[in-house]
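Engineer: structure of the sequence below:
(one chain, ligands or ions: 1)
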Amino acid sequence: MFITFEGSDGSGKTTQVQLLAEYLRQAGRSVLKTREPGGTRISDGVRQLLLDLAHTEMHARAETLLFNAARAQLVAEVIRPALAEGTVVLCDRFADSTLAYQGYGHQQEIAEMARMIEYATGGLRPDLTVFLDLPPWEGLRRNRSQGNGKWNRLDAQELSFHQRVVAGYRKLIAREPQRWVEIDASQPREQVHQDVVRAVEKRLAVFAPAP
Ligand code: TMP
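Structural biologist: Now for the predicted structure:
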């Protein structure tokens, strides 16, 4: 089963993916945790290029292709082999991030983005996508105030960009409501985790009953 996490920057995805991985491992599941962009040597190299604050001249099309290059490598090298072994794969961001950020955020043609994603992933789609819902200004405030190196080139876009990203996510959810679960990420971390576990257990019971 393939589970992805989406949301605005600073919504707590990384923490929640980690907590869910620990929970599922304790329940006896084989779990692989990864993230985008990244998760392989090649994809991590592309991540450096993408998030470097100095790369202000990067064109939106180049950005989209690079995210998809990193994704193609991750899918082929890590995600597909793990899924084939029956491992539960948790991914911190996936193709919906490209639709939300490069599509709605940078206002590029969504159908073109979708074709590129189809090519990069070979048509792999998540079985469940958890949306951590937080107003974009709150997430950006969290990232900036943490001062832990999390501030990146995309965070540095203007607030209206981040508002388009969140509005874009809402459109994606409306288009495919059965794949998504929305969770209020302004709650305490443990409560968010409980909500995530409830949603995931429900879906696992259908896709991959306990061993
Ligand atoms: P993160 O690791 O902190 O989530 O940073 C990744 C950044 O890259 C984040 O700002 C969202 C952005 N991003 C895109 O713009 N498009 C994509 O396809 C992906 C995977 C991430």
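
Engineer: flag every buried residue along stretch 17-24.
Structural biologist: Using 16 or more other C-beta atoms under 10 Å as the burial criterion, the residues of stretch 17-24 that qualify are 17, 19, 20, 21, 23, 24. For the C-beta atoms, the positions are set from N, CA and C on the backbone; glycine is no exception.

Engineer: can you give the distance of that stretch from its chain's centre?
Structural biologist: Stretch 17-24 sits 15 Å away from the centroid of its parent chain (C-alpha atoms, centre = their mean, to the nearest Å).

Engineer: does any part of it sit near the ligand?
Structural biologist: No: if you take C-beta under 6 Å from any ligand atom as the test, stretch 17-24 misses the ligand, and the best it gets is 10.5 Å.

Engineer: ok, the most centrally placed residue in the chain - contacts?
Structural biologist: Nearest to the mean C-alpha position of the chain, counting by C-alpha atoms, centre = their mean, stands residue 93 at 1.1 Å. Going by C-beta atoms under 8 Å, 6 or more residues apart in numbering, residue 93 touches 4, 5, 6, 13, 35, 36, 37.

Engineer: in strands, which of the residues you listed fall?
Structural biologist: Counting by DSSP state E, the contacts of residue 93 place 4, 5, 6, 35 in strands.

Engineer: tell me the one of those nearest the ligand?
Structural biologist: The ligand has its nearest neighbour among these in residue 35, at 6.1 Å by C-beta to the nearest ligand atom.

Engineer: quickly list what that closest one is bridged to.
Structural biologist: residue 92 (DSSP bridges).

Engineer: for the remainder of this discussion, apply numbering that starts at 10.
Structural biologist: All right, first residue 10 from here; so that's residue 44.

Engineer: can you get me a residue count around it?
Structural biologist: Around residue 44 there are 19 other residues, counting by other C-beta atoms under 10 Å.

Engineer: against residue 81, how distant is the closest residue to residue 85 other than its chain neighbours?
Structural biologist: Of all residues not flanking residue 85 in the chain, residue 131 sits nearest, at 8.0 Å (C-beta to C-beta, 6 or more residues apart in numbering). Distance of residue 131 to residue 81, computed by C-beta to C-beta, to the nearest Å: 8 Å.

Engineer: so which of those two has more stuff around it?
Structural biologist: Neighbour count, other C-beta under 10 Å: between residue 131 and residue 81, residue 81 has more, with 18 against 10.
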